[in-house]
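**Q** Quick one, what's the 3D model for this:
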Amino acid sequence: MVSAGMTCIKYLLFCFNLLFAVSGIAILTVGAVIHALYYHYSQFVDPSLGSAPILLIIVGVIVFVVAFFGCCGAVKENHCMIITFSAFLVIIFCLEMAAGIAGYIRRKDIESMLDTHLNTTMHNYYNKTDDKRSWDIMQHELTCCGMLGPQDWQAITTNDSLPHTCCPNITQEGICTINTEDKYTKSCRDELKEALIKYGSVIGGVGVGIALIQLIGVVFACCLARSIRKEYETV
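**A** Presented below is the predicted three-dimensional model:
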């Protein structure tokens, strides 16, 4: 058995892993919610950016499983399980930091990415069902119209008509026009960019917060593993 001091660390590690397991569920939930939000705008973003919430869900599942092994290792005072737990924490920490850095760098590319995808899908609005649905959802949820404004649709429709989702109180095509007073005027590119940065900040904040907690867990686990090894060597 370990000493009194290490017994305290053992139970601290056990409590930490319970919190860590809960954080895994929290990560999974945040990833699922943001994925649901991203899914509607999948036509406007690169697959690498859209896969960020999925990565968060996967990390959440892994964190929960690793936390379970950490609890078992702490309770049973199993040196091998605790070392394995520590190694997994370090690997997850490195992956989270790498994803966070990559996400921060990609923030600079969001505007050019949106310009390309929004322009392409806008021209396909009346030809592709998926593009039309994505635009309708975006204009309705973000209360915007056109890439930069309602006037952008004139190049697509070649007249004054606008998609019905540009007007909040109209549900039929052909009634909403550039001359309609009650229409959305905000830029969809700017609104979507702001939303993506907001969601990205949430993902980054969750990742960094969990990564810092992991470092504490690694310290506890290493202290306990070292104590257990000394006890075995003494015996």
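**Q** helix or strand right after the lowest-mean-pLDDT helix or strand in the chain?
**A** Lowest mean confidence among the helices and strands of the chain (mean pLDDT, DSSP states H and E): helix 47-50, at a mean of 66. Following helix 47-50 in sequence order, the next helix or strand is helix 52-76 (DSSP states H and E).
**Q** Next, name the residue at the spatial heart of this structure.
**A** P53 (3.6 Å; Cα atoms, centre = their mean).
**Q** May I see the buried residues of stretch 17-29?
**A** If you call a residue buried by 16 or more other Cβ atoms under 10 Å, then stretch 17-29 has these buried ones: 17, 20-21, 23-24, 26-28. Using the backbone N, CA and C atoms, a C-beta is placed for each residue, glycine as well.
**Q** pLDDT of that stretch, averaged?
**A** The average pLDDT within stretch 17-29 is 77.
**Q** from the chain's centre, how far out does it sit?
**A** 15 Å (Cα atoms, centre = their mean, to the nearest Å).
**Q** Please apply the same query to stretch 194-211.
**A** On Cα atoms, centre = their mean, the centre of stretch 194-211 falls 6 Å from that of its chain.
**Q** and what of stretch 171-187?
**A** In this view, stretch 171-187 has its centroid 33 Å away from the chain centroid, taken as Cα atoms, centre = their mean.
**Q** can you list contacts of that stretch?
**A** Stretch 171-187 has contacts (Cβ atoms under 8 Å, 6 or more residues apart in numbering) with 139, 142-151, 153-154, 160-164, 166-170.
**Q** Going through the residues you listed, which ones are buried?
**A** 139, 142, 144-147, 149-150, 153, 161-164, 166-167, 170.
**Q** Y38: which of those is nearest?
**A** Nearest to Y38 among the buried ones among the contacts of stretch 171-187 is L142, at 13.5 Å by Cβ to Cβ.
**Q** Can you name the helix or strand that the nearest residue to that closest one once chain neighbours are set aside falls in?
**A** Excluding its sequence neighbours, the residue lying closest to L142 (Cβ to Cβ, 6 or more residues apart in numbering) is E191, at 4.1 Å. Per DSSP H and E: E191 is located in helix 188-234.
**Q** picking up where we left off before, could you measure from the closest residue to the residue nearest to the centre of the chain other than its chain neighbours over to R189?
**A** Nearest residue to P53, sequence neighbours excluded (Cβ to Cβ, 6+ apart): H35, at 3.6 Å. Using Cβ to Cβ, to the nearest Å, H35 is found at 22 Å from R189.
**Q** neighbour-wise, which of those two wins?
**A** Taking other Cβ atoms under 10 Å, H35 and R189 do not tie; R189 has more neighbours (22 against 19).
**Q** do you know how far that one is from Y41?
**A** In terms of Cβ to Cβ, R189 sits 12 Å off from Y41.
**Q** With C8 instead?
**A** 49 Å.
**Q** When those two are compared, which one has more neighbours?
**A** Using other Cβ under 10 Å, the more surrounded residue of C8 and Y41 is Y41, with 21 against 12.
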